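Engineer: Just to be clear, the model below is a prediction. Sequence and coordinates:
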Amino acid sequence: MQIFVTATNTGVGKTYTTLQLLELAHKMGLKPGAIKPIETGVHGIPEDGSKLLQKCQELNPSLKDAAIDDIVPYQFSLPAAPFVAKEDQTIDLEHIKKKVEEIQNVCDIVFIEGAGGLMVPIEKDFFMVDLIKYLAIPSLLVTPSKLGCINDTLLSLQCLKANAIPHHWYINLFEDKDDFFEITYPFYEAYFDEVPLELDLILQRYTNSHSS
């Protein structure tokens, strides 16, 4: 089973959420794994990827010998969208898919962490949302709790729906938590059938749908 973790933008908490998902999957009795196919702004060791690798090795003995290049196949130093950061290098989609499959071979569930938001360009006409479609897997959209998040959340959900990508979404209450319930929550409560604040329940829905 595979889930692509994306977000409304960069700095929203994809890595933090993925680390939580790894822990939750482990508590559910699953062997978890994670991969971040592309990381930019890398100087030395990939910051996000190293956190994922450490957590994977902690929770899944089958990944104890995994290397950082297994978790982050493409690393670029410029802190920019992959299309810009890769300069004249090529991002091979088949290589990404192969790396995901290698991790999947020793895991029950694999979380694939994207870079930035859904419309971050990987190539001139190929975006992060297209990578999700290429891998043909469901997605989890991580959204922030700060003022202004409604617009970004609705646009991102619309993008997933327009591309027929099965998905859930999750609000990462890491900033403006108190203000969120006063400023943003009232609209979410009125607009959506439910407001997704419990990550464990969201993960359970993925696993239930996968097993049914």
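Structural biologist: Arrived safely, thanks for sending.
Engineer: Which strand in this structure has the most residues?
Structural biologist: strand 109-117 (DSSP state E).
Engineer: Now the element after that strand, going C-ward?
Structural biologist: Remark: after strand 109-117, the chain's next helix or strand is strand 121-123, criterion DSSP states H and E.
Engineer: Can you tell me the centre-most residue of the protein?
Structural biologist: Val5 (1.8 Å; CA atoms, centre = their mean).
Engineer: if we can go back for a sec, can you give me how far the longest strand of the chain is from the chain middle?
Structural biologist: 3 Å (CA atoms, centre = their mean, to the nearest Å).
Engineer: just stretch 51-61 next, same as before
Structural biologist: The answer for stretch 51-61 is 16 Å, by CA atoms, centre = their mean.
Engineer: now the strands for this protein?
Structural biologist: Under DSSP E, the chain gives strands at 2-7, 32-35, 38-39, 74-75, 109-117, 121-123, 126-127, 139-143, 167-171.
Engineer: hang on, the earlier thing: tell me which strands the longest strand of the chain pairs with, and in which orientation.
Structural biologist: Its sheet considered, strand 109-117 pairs with strand 2-7 (parallel), strand 32-35 (parallel) by DSSP bridges.
Engineer: send the alpha carbons of it over as PDB?
Structural biologist: Provided in PDB are the C-alpha atoms of strand 109-117 (Å, rounded to 0.1, in the frame of the first residue of the first chain):
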ATOM      1  CA  ILE A 109       2.800   0.600   3.700                       C
ATOM      2  CA  VAL A 110       4.900   3.300   2.100                       C
ATOM      3  CA  PHE A 111       4.500   7.000   2.400                       C
ATOM      4  CA  ILE A 112       5.800   9.000  -0.500                       C
ATOM      5  CA  GLU A 113       6.500  12.600   0.500                       C
ATOM      6  CA  GLY A 114       6.200  15.300  -2.300                       C
ATOM      7  CA  ALA A 115       8.100  18.600  -2.600                       C
ATOM      8  CA  GLY A 116       6.000  21.700  -2.100                       C
ATOM      9  CA  GLY A 117       2.500  21.700  -3.300                       C
END
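Engineer: now do the same end-to-end measure for stretch 7-14.
Structural biologist: End-to-end distance of stretch 7-14 (CA to CA, to the nearest Å): 6 Å.
Engineer: If we go by neighbour counts, what in that stretch is buried?
Structural biologist: Ala7, Thr8, Asn9, Val12, Gly13, Lys14 (16 or more other CB atoms under 10 Å). C-beta here means a position set from N, CA and C on the backbone, and glycine is covered the same way.
Engineer: With stretch 56-65 instead?
Structural biologist: Cys56, Gln57, Leu59, Asn60, Leu63.
Engineer: Low-confidence stretches in this protein?
Structural biologist: Applying pLDDT under 70 to the chain picks out residues 211-212.
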